[in-house]
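S.K.: Provided below for reference: sequence and predicted model.
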Amino acid sequence: MKIRPLSDHVVIEPLKREEKTESGILLPETAEKERPEQGRVVAVGPGKTTDEGKIMPMQVKEGDIVLFTKYGPNEVKVKEKEYLIAKADDILAVLE
């Protein structure tokens, strides 16, 4: 099954955080983990439609690594894999 986002929505595969702190401490599986803020773009919608009926092109493309707002995207699960679906406005930057 493939996800095809509509309008200005973007499907993001969240990137896993390091399980080790900068000082070398390993974090156990039971440690409280925050929601990720980085991910890889898996699919991009066609873009937002203006009042005049024109489609505004998306600023991200498949494969981009992006930073997004922590609680903006919605979580979805497809075939046991978790994804986030965000509006283009929820994406803050592309990491290069």
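M.R.: Okay, I see it. Numbers count the residues shown, from 1 in each chain.
S.K.: Send over stretch 50-58 as CSV, restricted to the C-alpha atoms.
M.R.: Taking C-alpha atoms only, stretch 50-58 is exported to CSV below (Å, rounded to 0.1, in the frame of the first residue of the first chain):
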residue,chain,number,x,y,z
THR,A,50,-4.8,29.3,-4.2
ASP,A,51,-8.0,31.2,-4.4
GLU,A,52,-7.4,31.7,-8.1
GLY,A,53,-7.2,28.0,-8.7
LYS,A,54,-3.4,27.8,-9.2
ILE,A,55,-1.3,25.2,-7.5
MET,A,56,1.6,26.5,-5.4
PRO,A,57,4.6,24.1,-5.8
MET,A,58,5.9,22.3,-2.8
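S.K.: So which bits of it are buried?
M.R.: Residues of stretch 50-58 classed as buried: M58 (neighbour count, 16 or more other CB atoms under 10 Å). Yep, even glycine has a C-beta here, placed from its N, CA and C like the rest.
S.K.: quick one: contacts of it?
M.R.: D8, V10, V44, G45, P46, G47, K48, T49, A88 (CB atoms under 8 Å, 6 or more residues apart in numbering).
S.K.: Next: stretch 75-91.
M.R.: 1, 3, 5, 8-14, 39, 42, 47-48, 58-60, 66-69, 72-74.
S.K.: Give me the residue at the spatial middle of this protein.
M.R.: Per CA atoms, centre = their mean, the C-alpha nearest to the average position across the chain is that of I12, at 3.2 Å.
S.K.: Ramachandran coordinates for the residue lying closest to that one once chain neighbours are set aside?
M.R.: Nearest residue to I12, sequence neighbours excluded (CB to CB, 6 or more residues apart in numbering): G39, at 3.8 Å. Dihedral angles of G39 (phi, psi; degrees, to the nearest 10) stand at phi -170, psi 170.
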